[in-house]
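[1] below are the sequence and a predicted model for it; my questions follow.
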Amino acid sequence: RKEVEQDPGPFNVPEGATVAFNCTYSNSASQSFFWYRQDCRKEPKLLMSVYSSGNEDGRFTAQLNRASQYISLLIRDSKLSDSATYLCVVNMKTIFGAGTRLFVKA
Amino acid sequence: DGGITQSPKYLFRKEGQNVTLSCEQNLNHDAMYWYRQDPGQGLRLIYYSQIVNDFQKGDIAEGYSVSREKKESFPLTVTSAQKNPTAFYLCASSIPNRGEQYFGPGTRLTVT
């Protein structure tokens, strides 16, 4: 089993839709979790940290489920500009998921 | 402006040549990292350094070497021993043991 697994997608959604991605991890001792966004042929950029209590930043909500060992990212009211690859990161040894591709269509 | 710079943006080399990729940061971060990304794939850790004059191998260190003589700089050498060197190389830095890494713009290396 991979240490961090993501559905590679692509997810094709219309503008205004709500979309959710999950990321599972295998090491139950993992302490910190993050979502990064990567645009085509660019470097990843930190989108948000994932806290135990869950956290929200505008249209984006991140949650952690330690019992089932996954983190999630919810995007509400999708915009065209949300089209990107979303990478989850699990930190004991900073392991990146392979990413989930999102395409938002007009 | 604080940040991470990588140069060059594009690099072309002939097979059998060693090549060194530059990474400089002025964020005052102790930890620095090198990743490799292949098309449609995630990031794979090559080497990382938590402090000056110390570095550790990541998951795919074979065929690569690094040095960390200064806090600001973490150059990566892709040697001729690396079987498939063509890739997108990303450098990052962070406060040690924190997952919030900040990335440079990357270097696309093509070896023919």
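    Looks like it came in fine. Numbering: from 1, shown residues only, chains lettered A, B, ... in the order given.

[2] okay, now the unreliable bits of chain A?
    A:1, A:92-94 (pLDDT under 70).

[3] for it, what lies in contact range of chain B?
    A:8, A:32-34, A:41-46, A:49, A:87, A:89-91, A:93-99 (Cβ under 8 Å from any Cβ of the partner chain). Quick note: C-beta positions are derived from backbone N, CA and C, even for glycine.

[4] drop anything exposed from these.
    For those, a burial check counting by 16 or more other Cβ atoms under 10 Å in any protein chain shown picks out A:32-34, A:43-44, A:49, A:87, A:89-91, A:94-99.

[5] just the ones of these in strands?
    A:Ser32, A:Phe33, A:Phe34, A:Pro44, A:Ser49, A:Leu87, A:Val89, A:Val90, A:Asn91, A:Ile95, A:Phe96 (DSSP state E).

[6] adding distance to B:Asp59, write the residues you listed out as TSV.
    Shown next, in TSV, are those (distance: Cβ to Cβ, whole Å):
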residue	distance to B:Asp59
A:Ser32	19
A:Phe33	19
A:Phe34	19
A:Pro44	17
A:Ser49	23
A:Leu87	16
A:Val89	14
A:Val90	14
A:Asn91	15
A:Ile95	9
A:Phe96	11
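
[7] now do the contacts for the closest residue to B:Gly16 other than its chain neighbours.
    Leaving aside its sequence neighbours, B:Gly16 sits nearest to B:Ser80 (Cβ to Cβ, 6 or more residues apart in numbering or on different chains; 4.9 Å). Shown in contact with B:Ser80 (Cβ atoms under 8 Å, 6 or more residues apart in numbering or on different chains): B:Glu15, B:Gly16, B:Gln17, B:Asn18.

[8] just send those residues back as TSV, with distance to B:Thr112, secondary structure and neighbour count too.
    Formatted as TSV, the contacts of B:Ser80 follow (distance: Cβ to Cβ, whole Å; DSSP: H, G, I helix; E, B strand; the rest coil; neighbours: other Cβ atoms under 10 Å in any protein chain shown):
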residue	distance to B:Thr112	secondary structure	neighbour count
B:Glu15	7	coil	9
B:Gly16	11	coil	8
B:Gln17	11	coil	11
B:Asn18	15	coil	13
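
[9] nearest to A:Thr61, of the residues you listed?
    Comparing the contacts of B:Ser80 against A:Thr61 with Cβ to Cβ places B:Asn18 closest, at 46.5 Å.

[10] does B:Ser67 touch B:Leu76 like I think?
    No. At 9.0 Å, B:Ser67 does not count as touching B:Leu76 under the criterion of Cβ atoms under 8 Å.

[11] between the two, who's got more neighbours?
    Regarding B:Ser67 and B:Leu76, a neighbour count based on other Cβ atoms under 10 Å in any protein chain shown identifies B:Leu76 as having more, with 23 against 15.

[12] looking at the more buried one now. What's its pLDDT?
    For B:Leu76, the pLDDT comes out at 97.

[13] and it, how close does it get to B:Lys70?
    Separation of B:Leu76 from B:Lys70 (Cβ to Cβ, to the nearest Å): 14 Å.
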